[in-house]
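> coords please:
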Amino acid sequence: MAERGRVGSEAIDTDADRYPSLEHVVAALLADENIPQTAIEKVEITCLASGEATYRVWAARAEEPEGGYLPA
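Numbers count the residues shown, from 1 in each chain. This is a model prediction of the structure:
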């Protein structure tokens, strides 16, 4: 049986996946001020079942990525 929590008067099924849509994640990523405004070599996005996402962005020829967290 699924565990249930409460947020306000709404029950939450903690066993249900709430992965974000690609459109939501990309829009949030583009709106993030920490993204380099230069040419981008690589982007890595990890979507979590909680609805959150993490990302890493490599600017062109960068040795280390910039990373961040996108809340649900």
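
> can we go C-alpha only for contacts and neighbour counts from here?
Fine.

> just the strands in the protein please.
Assigned by DSSP state E, the chain shows strands spanning 4-7, 10-13, 40-47, 53-59, 66-70.

> Pick the most deeply packed of the ones you listed.
Sort the strands of the chain by mean neighbour count, taking mean count of other C-alpha atoms under 10 Å, and strand 53-59 sits at the top with a mean of 19.

> Can you pull out the residues in contact with that one?
Residues outside strand 53-59 that contact it (C-alpha atoms under 8 Å, 6 or more residues apart in numbering): 20, 25, 35-36, 38-47, 64-72.

> Let's see that with 7 Å instead.
Defining contact as C-alpha atoms under 7 Å, 6 or more residues apart in numbering, one finds that strand 53-59 is touched by 36, 38-47, 64-71.

> same question, stretch 62-72
Against stretch 62-72 from outside (C-alpha under 7 Å, 6+ apart): 51, 52, 53, 54, 55, 56, 57, 58.

> Those residues into CSV, with extra columns for pLDDT?
Formatted as CSV, those follow (pLDDT from 0 to 100):
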residue, pLDDT
51, 91
52, 93
53, 95
54, 96
55, 96
56, 96
57, 95
58, 95
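
> Can you add distance to residue 15 and give these back as TSV?
Shown next, in TSV, are those (distance: C-alpha to C-alpha, whole Å):
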residue	distance to residue 15
51	13
52	15
53	18
54	21
55	24
56	27
57	31
58	34
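
> Please identify which of these is nearest to residue 13.
Nearest to residue 13 out of those is residue 51 (C-alpha to C-alpha; 13.2 Å).
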